[in-house]
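# Dropping the sequence and predicted coords here.
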Amino acid sequence: MTVFPLFWFLFSTISSTLPTQANTFPPCNETEKHALLRFKRALYDPWNRLSSWSAHDDCCEWNGVRCHNITGRVIELHLGNPCLSDSKISCHEFPLGGKVSPALLQLEFLNYLDLSYNEFGGAPIPSFLGSIRSLTYLDLYEASFGGLIPPQLGNLSNLHYLFLGGSFYSSNSEKEPPSLYVENLHWISHLSSLEHLVMYQVDLHKEVHWVELTSMLSSLSKLILYDCKLDNMSTSLKYVNFTSLIFLSVARNHFIHEIPNWLCNLNTSLLDLDLWGNQLTGPIPECLGQFKRLESLSLMYNSFDGPIPSSLGNLSSLAYLDLSGNRLNGTLPSSLGLLPNLEYLIIGNNSLVGTVSEAHLKKLSKLKILHMSSTSLIFKVKPSWVPPFQLEHLYMSSCHLGPNFPTWIPTQTSLRSLDISNSGIIGVAPTWLWKWASRINGLIDLSNNQISGNLSGVWLNNTIIHLNSNCFTGLLPALSSNVIALNMANNSFSGPISQFFYQKSNRTSQLEALDLSNNDLFGQLPQCWNSWSSLTHLNLGNNNLSGKIPDSLSSVFALEALHLQNNSFSGSIPSSLRDFTSLGLLDLSGNQLLGNIPNWIGELTSLNVLCLRSNKFTGEIPLQICRLSSLIVLDLADNELSGFIPKCLNNFSLMAAIKTPDGLFTALQYSNYKIYVESLILMTVGRELEYKGILKYVRMIDLSSNNLSGSIPTELSQLVGLRFLNLSRNHLMGSILEKIGRMTSLLSLDLSMNHLSGEIPLTLADLTFLNHLNISYNQLRGRIPLSTQLQSFDAFSYIGNAQLCGAPLTKNCTADDESQSKDAIEENEGFEMPWFYISSMGVGFIVGFWGVCGALIFKKNWRYAYFQFVYYMRDWVYVVLATRLNWFYNNLRSL
């Protein structure tokens, strides 16, 4: 029994001499702690990410700091943005900034430094980093560094991983994001241990020998040079020394040549080849079929032509193949159907032809994504065919699947997206379709076919639904609260519109985009819109809707685009619409709205498009409309507006600029899974045209067919970006703008049927892009200026101006016309006469006046003959005017 107490005493003694679990690791080095505190003080940390960095605590316990477990020396700094490890965090929310302090030089054993996804505001990469020789890992990716990459980084001979370039600048920032560049890459060849080299948006265009220099790195296994402005792949080389390379990505550069020979001679151990987003030309080489271990091949968005090489069928390990967005032609090789590991087959947006049969797909059992859209392929399989795969995404838009609805599609029970739009399907939708489709939680697009069927009582559950441009009938279907975007335009749906909006649901609708235009819907809009407050794009145009626009529509406060055109709405524009502060498009044209255009319209400062044409608006154009500086389309035509054209229209800054950023027109498109682009039918170049994808490039003012008077404001000539200007069918007077030649972007100009006078300004010939001109039926005079542009229009552009002459009119100019033109030019140039000319004119006037009037006073027969001539001329002018006016009104009535 004495053994146990002795054993316990020995165990207790030994245990007391050993460190406890809490003190297993030694504390950090004091010198390195103070160095880290100095490093912290130089940083900008608004989110207190480094709050644990306290002088009272062990620095090895600080957030982001890793120490050696024996020596306690700092070896790693993990200071990348926490968004990298937490998908719920935005990388814009927690960046570090400020300066990188040279205090890091005191961390003698630092081998890992990660500052990625931070915000250093364009500061240069510190050259002293090249003195931290112990570094094996350096990550400055997306950290917003700018300027020259210091060649001192070439001193880091132990470096294995190097990540450079990119900026996480906010997209709302007006500043250009900072970028890095190099004068040359000679320093890279000194990094003999480098395994991974990633450069993102680093300007490398000055280094033409990048292939030779990087291939000197015998240990390099991953090379990514993304969007680096490279334009040469050293095509003359046949061999390079990439002995360890398994991942090569040079996407989004500027290569305009064929794939070089050296790429075909790379190590056959290559796993990933990424050349997308260049302008590579020629055929896809057959040699790519030799990379038997290749798992991913991305050649999309280049200019490859010719057929798809059948040798790609040898890539038995291939899981990802993307050849989309090229100029590939020919048929789909059946060898692609022999790839047992293929999960992604993306060949859309090419000129492929021929038939796709079961043989092309027979062994693709792992296929998840099939993308054949925008090709001319004919998908022809037996009705009883059951695919060997279960797809998650199927895109076959503009392929030929019809005329019958594909019977193999319902076998795909895992689908999340289905696009078979414009695929030639004709006939009644199968009875199984809607119940089966309700399981697809993403996109379903059946648009631009000739599918028919009554959808009354159908329930739609998909997130994004495109059924537009078909032959569907009946009442509008019911929606689940999951639907985010619904397009059912261009069908034959009927019934009261209120029935759709009053449908009951247990959850609030999440619908953001709704297009029901071009149907046969009728009735008044509902008063209750609270359940539809998530709407941002609403199009109810071209139906038979009536009544007043309800004030309660303002409940849809986030609305960005509102189409109510070509219905029978009456009353005035409700004042509640002034609450639409995000509204970018408002189309109320083709209704029976009346009253004045409200002054508060100027409060809708986000407006890009304002269409109020073909209503019954009266009064003057409010000056407040000039506050809409973001307008690109102003259409007030065919109303009863009066008064002057506001001089302040030059405040439309987007019309006064030649180029404008695309980011200003977010309201003109809705993007969620698949883009829904706003469209508009406008009267331009003398006829109605639909503008859809290019709407953001339109710049138009149409004030035609009103009762506007006064002169054309000279300020309009400042709108140098304006492309369409129509002021016809008004009562405008004065001359055509003398400086109209400044408006060099004009494609269409219509000033017809006004009372404009004077000569056609010579600067009109400077409008070299003008393809539609109409200045007919005015009071213009003189010669039509000679130019290739103005003489290219036919006589109808100029008729109805009795004193106008010269080609293309048949009336030749006389000497009087020439002298009038000469006098007018001298007058317009503002010729300033010397005083003695003016005094001579005064004397001449007195002599001439009394010479004529004195003779009329003292000679009775002269006086009688003179006034008889005056009365004769009065009667002649009256007859001519009466006949001309009668002809004019008859022609106007026939228009």
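Structure's in. What do you need? Numbering: from 1, shown residues only.
# Now Ser335: phi and psi?
phi -60, psi -20 (degrees, to the nearest 10).
# what's around it, how many residues?
Number of residues near Ser335 (other CB atoms under 10 Å) recorded here: 17. Any C-beta I mention is one placed from the backbone N, CA and C, and that applies to glycine too.
# contacting residues around it?
Shown in contact with Ser335 (CB atoms under 8 Å, 6 or more residues apart in numbering): 310-314.
# now those in a markdown table, with pLDDT?
Below are these laid out as a markdown table (pLDDT from 0 to 100):
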| residue | pLDDT |
| --- | --- |
| Ser310 | 95 |
| Ser311 | 96 |
| Leu312 | 96 |
| Gly313 | 95 |
| Asn314 | 95 |
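# Closest one to Ile484 out of these, please.
Minimum distance to Ile484 across the contacts of Ser335 is 37.4 Å, recorded for Leu312 (CB to CB).
# what kind of secondary structure is the closest residue to that closest one other than its chain neighbours in?
Residue nearest to Leu312 in three dimensions, not counting chain neighbours: Gly289, with 5.7 Å by CB to CB, 6 or more residues apart in numbering. Classification of Gly289 by DSSP: H, G, I helix; E, B strand; the rest coil places it in helix.
# List just the nearest of the contacts of Ser335 to Pro761.
Nearest member of these to Pro761, counting by CB to CB, is Leu312, at 63.1 Å.
# still on that earlier bit, is the residue nearest to Leu312 in contact with Asn314, as I believe?
Yes: assessed by CB atoms under 8 Å, Gly289 is found in contact with Asn314 at 4.3 Å.
# Give me the neighbour count for Asn754.
Asn754: 25 neighbours (other CB under 10 Å).
# what does the one 5 residues further on give?
Neighbour count for Glu759, taken as other CB under 10 Å: 22.
# Same check on Ser575?
So Ser575, with other CB under 10 Å, has 11 neighbours.
# tell me the contacts of it?
Counting by CB under 8 Å, 6+ apart, Ser575 touches 551, 598, 600.
# okay, it: pLDDT?
Looking at Ser575, its pLDDT stands at 92.
# how far away is it from Leu213?
68 Å (CB to CB, to the nearest Å).
# Likewise for Glu76?
For Glu76, the distance to Leu213 - CB to CB - is 29 Å.
# contacting residues around the closest residue to Gly98 other than its chain neighbours?
In space, and not counting its chain neighbours, Gly98 is closest to Tyr44: 3.7 Å by CB to CB, 6+ apart. Counting by CB under 8 Å, 6+ apart, Tyr44 makes contact with 96-98.
# Just the buried ones among those, please.
96, 98 (16 or more other CB atoms under 10 Å).
# Of the contacts of Tyr44, which is the nearest to Leu115?
Leu96 (7.3 Å).
# which residue is nearest the centroid of this protein?
By CA atoms, centre = their mean, the mean C-alpha position of the chain lies nearest to Asp662, the distance being 5.4 Å.
# and the residue nearest to that one when sequence neighbours are not counted, what does it touch?
The shortest distance from Asp662 to any residue other than its chain neighbours is 6.5 Å, reached at Lys696 (CB to CB, 6+ apart). Going by CB under 8 Å, 6+ apart, Lys696 touches 608, 632, 662, 665, 668.
# Cys83 reaches Ser116, doesn't it?
No: taking contacts as CB under 8 Å, Cys83 lies outside contact range of Ser116: 10.1 Å.
# so where's the chain uncertain?
1-24, 84-92, 169-175, 504-507, 671-675, 815-895 (pLDDT under 70).
# run the last query once more with 50
Confidence mapping of the chain against pLDDT under 50 gives the ranges 1-23, 170-173, 673, 820-853, 855-895.
# Tell me where the stretch 551-700 of the chain has strands.
561-563, 568-571, 585-587, 592-596, 609-611, 616-620, 633-635, 640-644, 669-672, 674-677, 680-684, 687-691, 700-702 (DSSP state E, counting those that start in this stretch).
# same question, the stretch 701-850 of the chain
Using DSSP E, counting those that start in this stretch, the strands assigned to the stretch 701-850 of the chain run over residues 707-711, 724-726, 731-734, 748-750, 755-759, 772-774, 779-783, 803-805.
# Need these in TSV (columns: distance to Gly72).
As requested, these are exported to TSV (distance: least, CB to CB, whole Å):
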stretch	distance to Gly72
strand 707-711	84
strand 724-726	74
strand 731-734	86
strand 748-750	77
strand 755-759	89
strand 772-774	80
strand 779-783	92
strand 803-805	95
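# quick one: which of those strands is nearest Leu649?
Using CB to CB, those put strand 724-726 closest to Leu649, at 10.5 Å.
# partners of the closest one, with directions?
Here strand 724-726 has these sheet partners by DSSP bridges: strand 700-702 (parallel), strand 748-750 (parallel).
# Of all these, which one comes closest to Ser614?
When these are compared by CB to CB, strand 700-702 sits nearest Ser614, at 10.9 Å.
# Could you report the neighbour count for the nearest residue to Gly325 once chain neighbours are set aside?
Once flanking residues are discounted, Gly325 sits nearest to Tyr301: 4.0 Å by CB to CB, 6+ apart. Tyr301 has 19 neighbouring residues, counting by other CB under 10 Å.
# change the start of the numbering to 54 and stick with it
Sounds good: first residue 54 from here, last item Tyr354.
# thought Tyr354 was touching Leu333?
No: with contacts counted by CB under 8 Å, Tyr354 stays clear of Leu333, the gap being 9.7 Å.
# What is the neighbour count of Ser104?
When neighbours are counted by other CB under 10 Å, Ser104 comes out with 10.
# if I pick it, what's in contact with it?
Ser104 is in contact with Asn116, counting by CB under 8 Å, 6+ apart.
# and the gap between it and Gln503?
From Ser104 across to Gln503, the span is 65 Å (CB to CB).
# Same question for Gly853.
Look at Gly853 and Gln503: by CB to CB, they are 47 Å apart.
# Could you give the bridge partners of Tyr729?
With DSSP bridges as the rule, Tyr729 is bridged to Tyr723.
# let me redo that: Leu809
Using DSSP bridges, the beta-bridge partners of Leu809 come out as Gly787.
# That one: how many residues sit nearby?
23.
# same deal with the one 4 residues further on?
Around Ile813 sit 25 other residues, with neighbours defined as other CB under 10 Å.
# Likewise for Leu417?
Using other CB under 10 Å, Leu417 has 22 other residues around it.
# tell me the contacts of it?
Neighbouring residues of Leu417 by CB under 8 Å, 6+ apart: 390, 392-393, 395, 398, 441-442.
# any idea how far it is from Cys452?
Distance from Leu417 to Cys452, by CB to CB: 17 Å.
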